[in-house]
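Peer 1: Let me see the structure of the following:
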Amino acid sequence: MKPSAQGAAGTGTGRVRAAVAAEAARIPAQPGAADVARDRDRVRDTGEPDGSARGEHTHGEPSAPHPPTAPPPAPRPRALVRRSSVRGQILDALRSALTTGELRPGEVYSAPVLGDRFGVSATPVREAMQQLALEGAVEVVPNRGFRVVERGAGELAELAEVRALIEVPVWLRLARTVPAERWAGLRPLAEATVRAASSGCPATYAEADRAFHRAVLALAGNEQLVRIAGDVHRRAQWPPAGAPSARGRADLVADAHEHTALLDALIAGDPDVVRDLVGEHFTGSR
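Peer 2: Okay, here's the model as predicted:
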């Protein structure tokens with residue numbers, strides 16, 4: 001018996017439904033709107049992340065970009081060559097030459113010539129000379145170099161008076177306030193001035209002399225005082241015009257022994273002797 005048309009149609013419909021069901025079993029079911037809402041409510045209530053937050057890949061979702069590659073570190077700049085130490089050494093050498101009279105007052109010296117003498121370029125010499133010009137030791141001569149300033153006995157006497165006005169009151173005040181053990185701590189510096197004077201080198205003694213006076217003034221705790229007094233002291237050590245050098249060995253030794261005598265009086269706490277020795281020291285020193 002042949003099937004009716006309605007039965008054939010029903011049979012075809014059954015085959016289609018079977019094919020659709022098989023395909024549906026092969027393709028994962030996509031969430032509907034109700035499922036999405038339910039998952040959102042679960043995340044809100046429980047704090048549990050959804051699939052995308054757990055790192056699960058979903059179709060059509062772009063992959064996470066790779067983190068940008070860090071640029072290579074910039075090269076460290078090369079250390080700059082510092083000329084300050086060279087300039088400082090040249091400045092010390094020129095100051096010594098001024099103290100000994102090797103750089104003669106009134107003479108003009110060029111930076112290139114002095115640079116050849118010291119084995120350096122003209123630049124650090126020129127910089128050192130400019131510092132000496134600020135200190136009043138030399139003056140600039142355009143297109144020639146630097147002239148050593150000629151100072152007479154009157155100017156040196158003025159500098160000695162300025163030193164006395166600055167330092168004498170400080171010494172007398174310190175004599176009343178500084179304990180004996182602090183003064184005793186300056187003994188090595190005072191003895192160093194005696195050794196330097198015995199060498200007969202004015203530059204060596206000038207440096208030791210300034211070191212001792214600087215240490216005494218430092219007890220006052222005033223940095224500006226130390227700086228200003230040191231500048232005046234250095235200028236007072238330059239020899240006057242026409243003098244072949246600074247004071248002779250005998251004068252240097254006598255000046256150095258005044259340091260040790262002053263320390264003895266300060267340690268002993270004898271204000272009258274201290275006052276007399278301080279007056280003599282600054283009246284007769286340069």
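Peer 1: quick one: R104 is in a helix?
Peer 2: No. R104 sits outside any helix when classified using DSSP: H, G, I helix; E, B strand; the rest coil, being coil.
Peer 1: Excluding chain neighbours, give the residue nearest to it in space.
Peer 2: Spatial nearest neighbour of R104, chain neighbours left out: V148 (6.3 Å); criterion: C-beta to C-beta, 6 or more residues apart in numbering. Glycine gets a C-beta too; all of them are placed from N, C-alpha and C.
Peer 1: I'd like to know how far that neighbour sits from Q237.
Peer 2: V148 sits 14 Å away from Q237, going by C-beta to C-beta, to the nearest Å.
Peer 1: Mind listing what's buried along the helix ranked longest in the chain?
Peer 2: In the chain, taking DSSP state H as the definition, the longest helix is helix 153-177. Buried residues in helix 153-177, counted by 16 or more other C-beta atoms under 10 Å: 155-156, 159-160, 162-164, 166-168, 170-171, 174-175.
Peer 1: Could you do stretch 110-120 as well?
Peer 2: Buried, per 16+ other C-beta under 10 Å, within stretch 110-120: 110-111, 114-115, 120.
Peer 1: which of the residues you listed lies closest to R87?
Peer 2: Nearest to R87, judged by C-beta to C-beta, of the buried residues of stretch 110-120 is V120 at 9.2 Å.
Peer 1: Reduced to three states, what does that closest one come out as?
Peer 2: Per three-state DSSP, V120 ends up coil.
Peer 1: Distance-wise, check V216 relative to P112.
Peer 2: As for V216, its distance to P112 is 41 Å (criterion: C-beta to C-beta).
Peer 1: Considering the buried residues of stretch 110-120, which is situated nearest to E207?
Peer 2: Nearest to E207 among those is L114, at 20.6 Å by C-beta to C-beta.
Peer 1: My read is that that closest one contacts T123, right?
Peer 2: No. Taking contacts as C-beta atoms under 8 Å, L114 lies outside contact range of T123: 11.5 Å.
Peer 1: The protein - how does it break down into domains?
Peer 2: 84-148, 153-284 (automatic domain parsing).
Peer 1: Reformat the ones you listed as TSV; add mean pLDDT.
Peer 2: Shown next, in TSV, are the domains of the chain (pLDDT from 0 to 100):
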stretch	mean pLDDT
domain 84-148	92
domain 153-284	92
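Peer 1: quick one, helices of the stretch 151-286 of the chain?
Peer 2: All helices of the stretch 151-286 of the chain, identified by DSSP state H, counting those that start in this stretch, fall at 153-177, 180-184, 187-199, 202-218, 223-236, 249-268, 271-284.
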